[in-house]
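**Student:** Quick one: sequence and predicted model below, then my questions.
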Amino acid sequence: MRRLRRIKILATLGPASSDSAMIRKLFEAGADVFRINMSHTSHDKMRDLVKTIRNVESSYGRPIGILVDLQGPKLRLGSFANGPVQLNNGSSFVLDSVKEPGDATRVHLPHPEILSALKVGDALLLDDGKVRLICEETEGDRAVTRVVIGGKMSDRKGVSLPDTDLPMSAMTNKDRADLEAACETGIDWVALSFVQRAEDVVEAKRMIRGRAAVMAKIEKPQAIDRLQDILDVSDALMVARGDLGVEMPLERVPSLQKQMTRMARRAGKPVVVATQMLESMISSPVPTRAEVSDVATAVYEGADAIMLSAESAAGKYPVEAVSTMNRIGEEVERDATYRSVVTSQRPDPEATAGDAIAGAARQIAETLDLSAIICWTSSGSTALRVARERPKVPVVAITPSLHTGRKLSAVWGVHCVVAEDAKDQDDMVDRAGRIAFRDGFAKSGQRVIIVAGVPLGTPGATNMVRIAYVGPSDADV
């Protein structure tokens, strides 16, 4: 199951893709990581999905990552007494703490934290931005707003606040229960919604206690303002373009996507581009040309992974959607322009032994036209540093930790192999050659470069490179 592309594919599971047969088809079509959306999944269903994925994984003998996506706080209006109302441009509309059903002049907002945090001039976006209000007056338990963009409004519509820093956690009680259940089940990545500040990620990490890696979803303007701080404490970023496009001008989203992709690469942390990538394939067997260009842009930018949401979870053509993404990735990466773009964006190595070794290994491999870079890694950090270089040659990560192998399934270009740790350097070189030959990365007589930490098995101690021939004995696997 060697992939012929470097960018990874995340596929969301749902009603259209929950049974073992479909998950197998999605994996064979190109899915590297499966996403479970806890907004629509019970704990029992989540456990069933994890068990099914692990069964598929064991039958193929290749690590498969599982990402659980937490719902986050859902901010919604109350109800209206006589059904939907029309909010007209220029009219006044009050949001208050009174629990009675509303009308065209007012409605209950069951979130006192919003009423206390709103400031004059702050915008409120209702129903995914279809209706826009501006706060003109605040009185603690009520806010008087003016309708800037009107429209029909009905019960329980969502509220977004692009200008307001809300004094609330990124996790609700439901999220905390979902997070604990997911960690107990043994998932690999947690996607954290509603991130506003670095402290939100730190809070989640305290609960996780190292049992999974944290991917911060960047979907709020407040997170953009603190992006570097959030990246510093996160294990990965997700560019959640759908929600980001609701709370920010749509024309800013492409540049923010590029900014986040480059920041994450400089930090040596995975970045996933998500939302509406092949949206038309929910109901169509082929995507639009604009969608193909959108996916290709993420690949050209050097993102680690691209994600399908409803396309694979609830659409009519989940396998076709994954196959389409797979083909786009392969085609872009064959383009000479792709290599020039990725190379031009290569960050300077950080002043650490691991980065210096990774940079040197990439340069040696390309200068000598070696067949692959083989990383022995227990924590995954060696493979992450090499992937940061975006080398021309394949990257193979050999790890004794299945959890590490599953986590690396979301990282650009890394082919993961779970194997017993090397006994000594001779064993390390011998088995690196055997695995490279077995998995089709090198032929007999070709050379590979091996990157590792000595003493072997020491996390984060990347300090050694070695060039080795793949000999005739490596064919006897």
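**Tutor:** Structure received.
**Student:** tell me which element Phe437 is part of?
**Tutor:** helix 425-438 (DSSP states H and E).
**Student:** can you give me the strands in the stretch 101-250 of the chain?
**Tutor:** Using DSSP state E, counting those that start in this stretch, the strands of the stretch 101-250 of the chain run over residues 106-108, 123-126, 131-138, 142-149, 151-153, 159-160, 189-192, 213-218, 236-240.
**Student:** Sketch out the low-pLDDT regions of this structure for me.
**Tutor:** Judged against pLDDT under 70, the low-scoring parts of the chain cover residues 457-460, 472-477.
**Student:** give me that answer again for 50
**Tutor:** Of all residues in the chain, those with pLDDT under 50 make up the ranges 476-477.
**Student:** Now do the same contact list for the residue of it most remote from its centre.
**Tutor:** Ranking residues of the chain by C-alpha distance from their mean position (Cα atoms, centre = their mean) puts Asn82 at the top, at 41.8 Å. Contacts for Asn82 were tallied using Cβ atoms under 8 Å, 6 or more residues apart in numbering; they are Asp103. Every residue, glycine included, has its C-beta placed from N, CA and C.
**Student:** if we can go back for a sec, following element in sequence after the helix holding Phe437, please.
**Tutor:** Past helix 425-438, the next helix or strand by DSSP H and E is strand 447-453.
**Student:** What helices and strands are in contact with that next one?
**Tutor:** Judged by 3 or more Cβ pairs under 8 Å, 6 or more residues apart in numbering; DSSP states H and E, the packing partners of strand 447-453 are helix 353-367, strand 373-376, helix 381-388, helix 425-438, strand 462-469.
**Student:** want to throw those into CSV with distance to His40 and mean neighbour count?
**Tutor:** Supplementary listing: those in CSV, determined by distance: least, Cβ to Cβ, whole Å; neighbours: other Cβ atoms under 10 Å:
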stretch, distance to His40, mean neighbour count
helix 353-367, 39, 19
strand 373-376, 37, 30
helix 381-388, 31, 28
helix 425-438, 39, 20
strand 462-469, 40, 18
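**Student:** Could you measure from the closest residue to Asp163 other than its chain neighbours over to His111?
**Tutor:** Of all residues not flanking Asp163 in the chain, Asp122 sits nearest, at 4.3 Å (Cβ to Cβ, 6 or more residues apart in numbering). Per Cβ to Cβ, to the nearest Å, Asp122 is found 14 Å from His111.
**Student:** list the buried ones in stretch 198-209?
**Tutor:** With burial defined by 16 or more other Cβ atoms under 10 Å, the residues of stretch 198-209 counted as buried are 198, 200-201, 203-205, 208.
**Student:** For Val85, list the residues it contacts.
**Tutor:** Listed by Cβ under 8 Å, 6+ apart, the contact set of Val85 reads 102-104, 152-154.
**Student:** Where do the domain boundaries of the protein fall?
**Tutor:** Annotated domains of the chain cover 8-73+169-337, 85-160, 353-475 [automatic domain parsing].
**Student:** outside of stretch 294-305, which residues touch it?
**Tutor:** 7-10, 32-33, 236, 254, 257-258, 261-262, 264-265, 270-273, 277-278, 306, 325, 328-329, 331-333, 337-338, 341-342, 345, 387, 390, 410-412.
**Student:** Report the buried members of the contacts of Val85.
**Tutor:** Neighbour counting with 16+ other Cβ under 10 Å marks 102, 153 as buried within the contacts of Val85.
**Student:** Redo the contacts of Val85 as TSV? Include distance to Glu136.
**Tutor:** Converted to TSV, these look like this (distance: Cβ to Cβ, whole Å):
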residue	distance to Glu136
Gly102	18
Asp103	19
Ala104	17
Lys152	22
Met153	18
Ser154	23
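**Student:** between the contacts of Val85, which is nearest Val418?
**Tutor:** Top of the list for closeness to Val418, among those and by Cβ to Cβ, is Ser154 at 51.3 Å.
**Student:** Number of residues surrounding the closest residue in space to the closest one that isn't next to it in sequence?
**Tutor:** Spatial nearest neighbour of Ser154, chain neighbours left out: Pro84 (4.0 Å); criterion: Cβ to Cβ, 6+ apart. Around Pro84 there are 12 other residues, counting by other Cβ atoms under 10 Å.
**Student:** I'd like to check which residues are in contact with Pro84.
**Tutor:** 152-154.
**Student:** Can you show me the helices along the stretch 151-300 of the chain?
**Tutor:** Taking DSSP state H, counting those that start in this stretch to define them, one finds helices in the stretch 151-300 of the chain at 173-185, 198-208, 221-225, 227-233, 241-247, 253-267, 289-300.
**Student:** Nearest to Asp424, out of the ones you listed?
**Tutor:** Comparing these by Cβ to Cβ, helix 253-267 comes nearest, at 33.4 Å.
**Student:** Just the angle for the closest one relative to helix 289-300, thanks.
**Tutor:** On the basis of axes from the mean of the first three to the mean of the last three Cα atoms, to 10 degrees, helix 253-267 is oriented at 20 degrees to helix 289-300.
**Student:** list the helices and strands helix 253-267 packs on?
**Tutor:** Using 3+ Cβ pairs under 8 Å, 6+ apart: helix 253-267 touches helix 227-233, strand 236-240, helix 241-247, strand 271-274, helix 289-300.
**Student:** what does it rub up against?
**Tutor:** Contacts of helix 253-267 (Cβ under 8 Å, 6+ apart): 218, 224, 227-228, 231-232, 236-237, 239, 241, 244-245, 248, 270-271, 273, 297-298, 301-304, 345, 347, 388, 390.
**Student:** Which ChimeraX command selects the buried ones in these?
**Tutor:** Selection of buried members from the contacts of helix 253-267 for ChimeraX, criterion 16+ other Cβ under 10 Å:
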select :218,224,227,231,236,237,239,241,244,245,248,270,271,273,297,298,301,302,303,304,345,347,388,390
